[in-house]
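A.B. asks: Structure of the sequence below:
(chains A and B, ligands or ions: 2)
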There are 2 protein chains.
Amino acid sequence: ALALALPVLAQEDPLPSWNEGAAKTAILEFVDKVTAEGAPTYVAPEDRIATFDNDGTLWVEHPIYTQLVFALDRVKQLAPEHPEWATTQPFQAVLEQDVKALAEAGEKGLMEIIGATHGGMTTEAFEAEVTDWIATARDPRWNKPYTGLVYQPMLELMDYLRANGFETYIVSGGGIEFMRPWTQAVYGVPPQNVVGSSIKTEYKVVDGKGVLMRLPEINFVDDKAGKPVGILSHIGKRPIAAFGNSDGDYQMLEYTTLGAEGARLGMIVHHTDAAREYAYDRDTHIGRLDKAMDDAPKQGWVLIDMAKDWKTVFPE
Amino acid sequence: ALALALPVLAQEDPLPSWNEGAAKTAILEFVDKVTAEGAPTYVAPEDRIATFDNDGTLWVEHPIYTQLVFALDRVKQLAPEHPEWATTQPFQAVLEQDVKALAEAGEKGLMEIIGATHGGMTTEAFEAEVTDWIATARDPRWNKPYTGLVYQPMLELMDYLRANGFETYIVSGGGIEFMRPWTQAVYGVPPQNVVGSSIKTEYKVVDGKGVLMRLPEINFVDDKAGKPVGILSHIGKRPIAAFGNSDGDYQMLEYTTLGAEGARLGMIVHHTDAAREYAYDRDTHIGRLDKAMDDAPKQGWVLIDMAKDWKTVFPE
Ligand SMILES: [Ca+2]
Ligand SMILES: [Ca+2]
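C.D. replies: Ligands and ions are numbered 1, 2, ... in the order given. Prediction:
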């Protein structure tokens, strides 16, 4: 019996980049509970919905959102047609590379820039632009592509959940069409499992093909109380696990865990590692974590201490 | 070799409720083309997206949309609180069971009724109401539940496509939350694969739980040029097969097939069978089929002649 039991005891760690501790234990225990057939905490596979914020939860968001770096290139390209941008925020900030003013413009400012710079083309042309940019642009601190600055422990977590019958979704304040071209390759999340902010689109026939034109107008902001709205619209089911890193994820975490019967998991990536990544929480304009951190104990949300809980941060 | 080949030749007909003919052949040839590895028409499984209209394509829509029958009950319930409805269309039509005036109000009228009668409750309360209603309400002509009035040949078609690696989606002008509670059981389509019209929702905490309140305001109309918009938003991929029955599906069919490289399939259920179901096309306010029928030959869309192409209409 000992010999037979050994392979089970010796099974591979599904989360090798996580140090032992409260965060890793919370994940393993939660998955055990919802997959234990016959247990009162068992959840059928079709209801194993896990939602992940993107910026700061799955990839680096400091010093500014990656999508804003992308937008900067677009603003520069389009600036000659928009002389008024030289004195209008948040465009002025982009043109002057004024990080502080950009940060102050917040997610609303990001949405304005996206509305103004990401419109006027078909969704397929936009996809091609994103695909080109993401393949060539590099973060200056690490001199790596942005898709190389995803968090290895979170990739393992997504794999582990999928291996246990979960469907994984991204639910991000970022633009849905900015993420879709690369989420399958980078996260294993297909386009239809990406929920995000969007601009309005209009269907028309151009050059003998039906296309969707991107209009310079915000359609939906998938942040804060918008996240549960986006989840309902795209998934139509309440998640049983949610992962975020800022107050923008408060309502998604709450929607997932508050007053639920059975096992639920809410986790917050806490950026505590200035050496390997960044350290910030209450005192930042990008990914501010304040109320969600205060309320985590009473809400039962588990903080992930990047410095302590993660053996490695980025994929090798 | 003959003996070995026999099981293949003798394989079961995947579409037993379809008579031999152009419609059935179009389906079988299309699936062969996109699944033939190495062929220029091959499509990878993750891109085998098929979209289905619901009303009149997957289930009966005459004499009035099933969702309108549901709405009628809600209007009656709520009428005492809305004395103005007695003289305001389309509510007056509902209260007076005036089928003609209801039909004239069209999908826009349906949306008004939904906005006014489907709001003011949580999504979960609404789901419970739909679930109760769909289990008990019966169509008077057949004295059957509405979910018994789905088209058996279309169920077989959906199964056949899924067996060949397709992902099947519903893309309907009907309310997304009206369909989701029963599409898995009836069509094998899970909630996250349902695209439809919607009303606005607002996230809030009620009685210690995060809920989405349904507001009496239209958010999105998933009809005509709205269908490609809904497809982009929810799926993020262009379908390679689309199935509809009215001019409301024109743009979805066009988005799927027009100017495409490779094999594409656009089909239109033509209601030609007054004996077994209904016969209508240009001359109806519910599911009008006019321009899409005129343009079918030049667009390469295949009409499904219900009377000729279907051996049986409803599940036994
Ligand atoms: Ca974030
Ligand atoms: Ca229809």
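A.B. asks: Pull the residues that contact stretch A:130-143.
C.D. replies: Contact with stretch A:130-143 is made by A:60, A:69-70, A:73, A:144-149, A:177-178, A:181-182, A:314, as judged by Cβ atoms under 8 Å, 6 or more residues apart in numbering or on different chains. Placement of C-beta: from N, CA and C, glycine included.
A.B. asks: and that stretch, how far out from the chain's middle?
C.D. replies: Taking Cα atoms, centre = their mean, to the nearest Å, the mean C-alpha location of stretch A:130-143 is offset from the chain mean by 18 Å.
A.B. asks: What of stretch A:216-232?
C.D. replies: That offset, for stretch A:216-232, works out to 14 Å (Cα atoms, centre = their mean).
A.B. asks: And it, end to end?
C.D. replies: In stretch A:216-232, first residue to last residue: 25 Å (Cα to Cα, to the nearest Å).
A.B. asks: Can you list the buried residues in it?
C.D. replies: Of the residues in stretch A:216-232, A:219-232 count as buried by neighbour count, 16 or more other Cβ atoms under 10 Å in any protein chain shown.
A.B. asks: Let me have those residues in JSON lines, extended by pLDDT, secondary structure and distance to A:A116.
C.D. replies: What follows is these, written out as JSON lines (pLDDT from 0 to 100; DSSP: H, G, I helix; E, B strand; the rest coil; distance: Cβ to Cβ, whole Å):
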{"residue": "A:N219", "pLDDT": "94", "secondary structure": "strand", "distance to A:A116": "14"}
{"residue": "A:F220", "pLDDT": "95", "secondary structure": "strand", "distance to A:A116": "17"}
{"residue": "A:V221", "pLDDT": "93", "secondary structure": "coil", "distance to A:A116": "15"}
{"residue": "A:D222", "pLDDT": "96", "secondary structure": "coil", "distance to A:A116": "19"}
{"residue": "A:D223", "pLDDT": "96", "secondary structure": "coil", "distance to A:A116": "19"}
{"residue": "A:K224", "pLDDT": "98", "secondary structure": "coil", "distance to A:A116": "22"}
{"residue": "A:A225", "pLDDT": "98", "secondary structure": "coil", "distance to A:A116": "25"}
{"residue": "A:G226", "pLDDT": "98", "secondary structure": "helix", "distance to A:A116": "20"}
{"residue": "A:K227", "pLDDT": "98", "secondary structure": "helix", "distance to A:A116": "24"}
{"residue": "A:P228", "pLDDT": "98", "secondary structure": "helix", "distance to A:A116": "28"}
{"residue": "A:V229", "pLDDT": "98", "secondary structure": "helix", "distance to A:A116": "24"}
{"residue": "A:G230", "pLDDT": "98", "secondary structure": "helix", "distance to A:A116": "22"}
{"residue": "A:I231", "pLDDT": "98", "secondary structure": "helix", "distance to A:A116": "28"}
{"residue": "A:L232", "pLDDT": "98", "secondary structure": "helix", "distance to A:A116": "29"}
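A.B. asks: Out of the residues you listed, the closest to A:D290 would be?
C.D. replies: Ranked by distance to A:D290 (Cβ to Cβ), the buried residues of stretch A:216-232 are led by A:K224 at 12.9 Å.
A.B. asks: Would you check that that closest one makes contact with A:G248?
C.D. replies: Yes. With contacts counted by Cβ atoms under 8 Å, A:K224 reaches A:G248, the gap being 5.4 Å.
A.B. asks: State the distance from A:Y250 to chain B.
C.D. replies: 10 Å (Cβ to the nearest Cβ, to the nearest Å).
A.B. asks: got a list of what that residue touches?
C.D. replies: Contacts of A:Y250 (Cβ under 8 Å, 6+ apart): A:224, A:244, A:291-292, A:295.
A.B. asks: Against A:H285, how distant is it?
C.D. replies: 17 Å (Cβ to Cβ, to the nearest Å).
A.B. asks: Without its sequence neighbours, what residue ends up closest to A:I113?
C.D. replies: Leaving aside its sequence neighbours, A:I113 sits nearest to A:A71 (Cβ to Cβ, 6 or more residues apart in numbering or on different chains; 4.7 Å).
A.B. asks: my read is the one you found is in a strand, agree?
C.D. replies: No. Assigned with DSSP: H, G, I helix; E, B strand; the rest coil, A:A71 falls outside any strand and is helix.
A.B. asks: Name all residues that make contact with the residue of the stretch 1-150 of chain A found nearest ligand 2.
C.D. replies: Proximity of the stretch 1-150 of chain A to ligand 2 (Cβ to the ion) peaks at A:T123, 25.0 Å away. Going by Cβ under 8 Å, 6+ apart, A:T123 touches A:177, A:201, A:211-212, A:214, B:232.
A.B. asks: again, only this time at 7 Å
C.D. replies: By Cβ atoms under 7 Å, 6 or more residues apart in numbering or on different chains, the contact list for A:T123 reads A:177, A:201, A:212, A:214, B:232.
A.B. asks: tell me which element the fourth one falls in.
C.D. replies: With secondary structure defined by DSSP states H and E, A:R214 is part of strand A:209-220.
A.B. asks: Point out the other helices and strands that that strand packs with.
C.D. replies: Other helices and strands packing on strand A:209-220, by 3 or more Cβ pairs under 7 Å, 6 or more residues apart in numbering or on different chains; DSSP states H and E, are helix A:99-117, helix A:123-136, strand A:194-206, helix B:226-234, helix B:250-257.
A.B. asks: Please repeat the previous calculation with a cut-off of 10 Å.
C.D. replies: Applying 3 or more Cβ pairs under 10 Å, 6 or more residues apart in numbering or on different chains; DSSP states H and E, we find strand A:209-220 packed against helix A:99-117, helix A:123-136, helix A:176-187, strand A:194-206, helix A:226-234, strand B:209-220, helix B:226-234, helix B:250-257.
A.B. asks: and for A:K224 and A:G248, which residues touch both?
C.D. replies: Both A:K224 and A:G248 are contacted by A:107, A:173, under the criterion Cβ atoms under 10 Å, 6 or more residues apart in numbering or on different chains.
A.B. asks: A:H62: how many residues sit nearby?
C.D. replies: Using other Cβ atoms under 10 Å in any protein chain shown, A:H62 is surrounded by 17 other residues.
A.B. asks: Apart from its chain neighbours, what residue comes closest to it?
C.D. replies: Nearest to A:H62 is A:Y278, by Cβ to Cβ, 6+ apart, at 4.4 Å.
A.B. asks: Kindly report the same for A:G196.
C.D. replies: Closest residue to A:G196 apart from its sequence neighbours, by Cβ to Cβ, 6+ apart: A:I176 at 3.4 Å.
A.B. asks: Spit out the contact partners of that neighbour.
C.D. replies: Contacts of A:I176 by Cβ under 10 Å, 6+ apart are A:170, A:183, A:191, A:194-199, A:219-220, A:222, A:230, A:234, B:232-233, B:236.
A.B. asks: A:D47 now?
C.D. replies: A:34, A:165-167, A:237-240, A:262.
A.B. asks: residues in contact with the most centrally placed residue in chain A?
C.D. replies: By Cα atoms, centre = their mean, the mean C-alpha position of chain A lies nearest to A:N54, the distance being 0.9 Å. By Cβ under 10 Å, 6+ apart, the contact set of A:N54 is A:61, A:65-67, A:150, A:170-174, A:178-179, A:183, A:187, A:189, A:194-196, A:244-245.
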